[in-house]
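A.B. asks: Give me a 3D structure for the following:
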Amino acid sequence: MSGQRVLVDSHMHLWDLQHLRYPWLTPPLPVGITGDVTPIARDYLLDDYLRDAAQGGVHPAKIVHIEAGANPADALAETRWLQATADARGYPQAIVAHAQLEKPDAAALLERHAAHRNVRGIRQILNWHPDPAKSYTPRDLLHDEAWHAGFALLASHGLSFDLQIYPGQMSAAARLAARHPETSLILNHTGMPVDKDRDGLAAWRGGMRLLAAQPNVAVKISGLAMLDWRWSVESLRSFVLETLEIFGAARTMLASNFPVDRLFGTFGQFYAAYADLLAGASLAERADLFAATAERIYRI
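C.D. replies: Okay, the predicted model is just below:
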């Protein structure tokens, strides 16, 4: 991280198990693509995050909090808690809240979220896969008319959308972006290349190019360890460098995905790997990747 004067962590989470409900962190713990989440199934508050970052030699100037899988009924309570934290501590500078866009109350919930000073966008995890063991949702909401009607409401509130999908959904997501050029979409976790055989990697590369062809789509290099538990710098290399090549530094940002990625390494290990992999980038490109892109897109 030497030479990085400003770091913006564009994707991180906090959770308070005492006051909000998180089904995926509550026993019996489900086992999904990230494996056993027992080590992180405890409160993770701002001081815990800052301690993890500092122990890794990283000092984020700004952070973007992404909704953390709370019970949908607690979505507004999560936003209120995070805004209160930001008012008291300065962090997080941006909040991406949760809404189920296909629900009849989506319009009212978006209005309430948007009333909070630090709210910048919405995330609703959309990962669907033909293999039920890899799916987060029972159906692909990118083909749901009610969901599309809810998505269309984002622009009226100036809200972006954090897009968490698999490569098989990227063509539909690219069409969505084309229909809504006024709404920024931020692709989460490097496009989540869950299938790493030849066909799966071809789908990832093709889908990434379809999304990058839409000027309102950006991407986060993050979360690769969720699909590569024994990752190394070399195992990340092609995903990091190809993503940068496809989207360009002005639409690419780095993120910790902590504390989820804490299951697979330390804060310092991940950012050291990024610094190593991006050593050939120019100073201007590194400024975008480590800070400026996130500042611009999340308006912080």
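A.B. asks: Tell me which residue is most central in this structure.
C.D. replies: Central residue of the chain (Cα atoms, centre = their mean): residue 188, 4.1 Å from the mean position.
A.B. asks: Using CSV, list the CA coordinates for the helix or strand harbouring residue 148.
C.D. replies: Secondary structure assignment for residue 148, by DSSP states H and E: helix 145-151. Extracted in CSV, the C-alpha atoms of helix 145-151 (Å, rounded to 0.1, in the frame of the first residue of the first chain):
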residue,chain,number,x,y,z
GLU,A,145,-41.9,-7.5,-14.3
ALA,A,146,-42.7,-6.3,-10.7
TRP,A,147,-39.0,-6.1,-9.9
HIS,A,148,-38.4,-4.0,-13.1
ALA,A,149,-41.1,-1.6,-12.0
GLY,A,150,-39.4,-1.2,-8.7
PHE,A,151,-36.0,-0.7,-10.3
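A.B. asks: Please name the nearest non-neighbouring residue to the residue nearest to the centre of the chain.
C.D. replies: Distances taken as Cβ to Cβ, 6 or more residues apart in numbering place residue 164 nearest to residue 188, at 4.1 Å, with adjacent residues excluded. Using the backbone N, CA and C atoms, a C-beta is placed for each residue, glycine as well.
A.B. asks: quick one: low-confidence parts of this structure?
C.D. replies: Filtered on pLDDT under 70, the chain yields the residue ranges 1-6.
A.B. asks: can you map out the helices along this structure?
C.D. replies: Along the chain, counting by DSSP state H, helices occupy 46-55, 75-89, 106-114, 145-151, 170-179, 198-212, 233-247, 267-277, 283-287, 293-297.
A.B. asks: Mind putting those into JSON lines with mean neighbour count and distance to residue 68?
C.D. replies: Output for the helices of the chain, formatted as JSON lines (neighbours: other Cβ atoms under 10 Å; distance: least, Cβ to Cβ, whole Å):
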{"stretch": "helix 46-55", "mean neighbour count": "16", "distance to residue 68": "12"}
{"stretch": "helix 75-89", "mean neighbour count": "18", "distance to residue 68": "7"}
{"stretch": "helix 106-114", "mean neighbour count": "18", "distance to residue 68": "15"}
{"stretch": "helix 145-151", "mean neighbour count": "17", "distance to residue 68": "21"}
{"stretch": "helix 170-179", "mean neighbour count": "18", "distance to residue 68": "22"}
{"stretch": "helix 198-212", "mean neighbour count": "18", "distance to residue 68": "24"}
{"stretch": "helix 233-247", "mean neighbour count": "17", "distance to residue 68": "24"}
{"stretch": "helix 267-277", "mean neighbour count": "19", "distance to residue 68": "17"}
{"stretch": "helix 283-287", "mean neighbour count": "15", "distance to residue 68": "28"}
{"stretch": "helix 293-297", "mean neighbour count": "22", "distance to residue 68": "18"}
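A.B. asks: which stretch among those comes nearest residue 120?
C.D. replies: helix 293-297 (8.6 Å; Cβ to Cβ).
A.B. asks: Output that closest one in PDB with nothing but the alpha carbons.
C.D. replies: The C-alpha coordinates for helix 293-297 follow below in PDB (Å, rounded to 0.1, in the frame of the first residue of the first chain):
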ATOM      1  CA  THR A 293     -13.700   6.000  -8.800                       C
ATOM      2  CA  ALA A 294     -15.600   5.200  -5.600                       C
ATOM      3  CA  GLU A 295     -15.600   8.800  -4.500                       C
ATOM      4  CA  ARG A 296     -17.100   9.900  -7.800                       C
ATOM      5  CA  ILE A 297     -19.700   7.100  -8.200                       C
END
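A.B. asks: And that helix, what does it pack against?
C.D. replies: Helices and strands touching helix 293-297, by 3 or more Cβ pairs under 8 Å, 6 or more residues apart in numbering; DSSP states H and E, are strand 8-12, strand 62-66, strand 252-254.
A.B. asks: Could you tell me which residues within the shortest one count as buried?
C.D. replies: Neighbour-count burial for strand 252-254, with 16 or more other Cβ atoms under 10 Å as criterion, is recorded at 252, 253, 254.
A.B. asks: I figured the residue nearest to residue 188 was touching residue 122, is that so?
C.D. replies: No. Applying Cβ atoms under 8 Å, one finds residue 164 not in contact with residue 122, separated by 11.6 Å.
A.B. asks: More neighbours: which of those two?
C.D. replies: residue 122 (28 against 22; other Cβ atoms under 10 Å).
A.B. asks: do you know how far residue 22 is from residue 73?
C.D. replies: With distances taken as Cβ to Cβ, to the nearest Å, residue 22 is found 12 Å from residue 73.
A.B. asks: What of residue 9?
C.D. replies: For residue 9 relative to residue 73 (Cβ to Cβ), the value is 28 Å.
A.B. asks: and these two? which has more neighbours close in?
C.D. replies: Each of residue 9 and residue 73 has its neighbours counted (other Cβ under 10 Å); residue 9 has more, 28 against 9.
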